[in-house]
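# based on what follows, work out the 3D shape:
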Amino acid sequence: MADEQSTDAGPGGLKDKGPLVVKRTKILPAPPHGGAWKVAYADFVTAMMAFFLLLWLLNVTTESTKQGISDFYEPVGISKVQTGSGGTLAGLSLNSEEALKSPGSPPSVKAAMPTFGSVKTGSADEQERVPEPREGGDTKGADSKRDKLENEQFETTAESLRKAIQEISEISDLRESLLIGITPEGLRILLFDHQNTRLFTSGNSVLTGKGERLFAIISSILRDLPHHLRITGHTGKTENHQQNYSNWELSSDRANSVRKTLTKYRIDPRRIKRIAGRADQELLDPKKPDSPRNRRIDILLIRQNKTS
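Coordinates of the predicted model:
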């Protein structure tokens, strides 16, 4: 009996419990991560960079520059601010009290715009005279309500033109190339070359960059008015153009170029009743036939009681 009992125990006196099973777990490498999160992260970083760049630009840009950028993409609103000078033609402060200012902007400088009737062309002894417009228009209709309202509308338009040109730094140097006056026929706008600033390239009818920008501003202010337009081109005595291409053709082509530019910037083509070229027959400065002031464009807003 003792021998039989000893056979039930294994080595060391342990009881045999059967075969030993060993489990082996195979560890597989993790699948590679996708790159979609990198794209999303890059978009986020780019957006944040653009946001902080915008904040920086807003901080360093003056209010007048912001207004100029706004005016470039939007029509210039018509201001009803009075000139305070006793009339449209008596001069205008270029920086009114309502002009946008910022702490970093330079001190405002007040200067009078050139006016009809007293335009200096050089020395104090030499002055040219532009026909003095009569603010009241026709004598018969001066006291009528319609003429008064029309004159007020002309004054507001003239003020808006001056203010727009002054506030947009890109063309602010053209303010000396602008004359505006109320005549018996309507609102007369003269735009001419000034020193090294030209409206057209030399000897042809192609507008310069500043010239087109100027007429775009004019179009944005005139487009909502009901008046018909008359456009006349003028040249100096001597122009640098090709042979067989006279001042008559050059002045006519420049007037037509202005017509195309105004309609490009949404002036109704039906409002333009006449374009003409006068060559060098009506010099603005007859004492200096080759003066840049003689190279000009004359835009007339015709009174509604006048025939075109």
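
# so which residues of the stretch 201-308 of the chain form strands?
With DSSP state E, counting those that start in this stretch as the criterion, the stretch 201-308 of the chain has strands at 229-234, 272-277, 296-302.

# pull up the pairing partners for the longest one, direction included.
Read it as strand 296-302. Strand 296-302 pairs in its sheet with strand 186-192 (antiparallel), strand 229-234 (antiparallel), by DSSP bridges.

# state the mean pLDDT of it.
Mean pLDDT, strand 296-302: 95.

# where along the chain do the helices fall?
Applying DSSP state H to the chain gives helices spanning 2-6, 36-60, 63-73, 145-167, 209-222, 247-264.

# out of the strands of the stretch 201-308 of the chain, which comes closest to residue 148?
Of all the strands of the stretch 201-308 of the chain, strand 296-302 sits nearest to residue 148, with 16.3 Å by Cβ to Cβ. Placement of C-beta: from N, CA and C, glycine included.

# what's the closest one in contact with?
154, 157, 183, 185-193, 199, 218, 222, 225, 227-234, 254-255, 258, 273, 284, 308 (Cβ atoms under 8 Å, 6 or more residues apart in numbering).

# in ChimeraX, how would I select the buried members of those?
Only the buried entries of the contacts of strand 296-302 go into this ChimeraX selection, using 16 or more other Cβ atoms under 10 Å:
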select :154,157,183,185,186,187,188,189,190,191,192,193,199,218,222,225,227,228,229,230,231,232,233,234,254,255,258,284
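
# what's near enough to touch residue 206?
200, 257.

# and it, how close does it get to residue 200?
Residue 206 sits 6 Å away from residue 200, going by Cβ to Cβ, to the nearest Å.

# want to try a markdown table for the strands of the stretch 201-308 of the chain, with distance to residue 171 as columns?
Below are the strands of the stretch 201-308 of the chain laid out as a markdown table (distance: least, Cβ to Cβ, whole Å):
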| stretch | distance to residue 171 |
| --- | --- |
| strand 229-234 | 19 |
| strand 272-277 | 23 |
| strand 296-302 | 15 |
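
# for these, which one sits closest to residue 65?
Of the strands of the stretch 201-308 of the chain, nearest to residue 65 by Cβ to Cβ is strand 296-302, at 28.3 Å.

# C-alpha coordinates for that closest one, CSV please?
Backbone C-alpha positions of strand 296-302 (Å, rounded to 0.1, in the frame of the first residue of the first chain) are rendered in CSV as follows:
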residue,chain,number,x,y,z
ARG,A,296,-7.4,120.0,-69.9
ILE,A,297,-10.8,118.4,-69.8
ASP,A,298,-14.0,120.4,-69.3
ILE,A,299,-17.0,118.6,-67.8
LEU,A,300,-20.3,120.5,-67.7
LEU,A,301,-23.3,119.3,-65.7
ILE,A,302,-26.1,121.0,-67.6
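
# that strand to helix 145-167, inter-axis angle?
150 degrees (axes from the mean of the first three to the mean of the last three Cα atoms, to 10 degrees).

# distance to residue 288 added to the helices of the chain, as CSV?
Output for the helices of the chain, formatted as CSV (distance: least, Cβ to Cβ, whole Å):
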stretch, distance to residue 288
helix 2-6, 141
helix 36-60, 44
helix 63-73, 34
helix 145-167, 25
helix 209-222, 22
helix 247-264, 16
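
# rank the ones you listed by pLDDT, which is bottom?
The lowest average pLDDT among these, as it happens, falls on helix 2-6, at a mean of 47.

# what sits closest to residue 247 if chain neighbours are left out?
Counting by Cβ to Cβ, 6 or more residues apart in numbering, residue 247 lies nearest to residue 279, which is 3.8 Å off, once chain neighbours are set aside.

# what sits against the one you found?
Contacts of residue 279 (Cβ under 8 Å, 6+ apart): 234, 235, 246, 247, 248, 250, 251.

# now do residue 213 against residue 168, distance only.
Where residue 168 is concerned, residue 213 sits at a distance of 8 Å (Cβ to Cβ).

# between these two, which one's more packed in?
residue 168 (21 against 17; other Cβ atoms under 10 Å).

# quick one: that one and residue 68 touch, right?
Yes - between residue 168 and residue 68 there is a contact under Cβ atoms under 8 Å: 4.6 Å.
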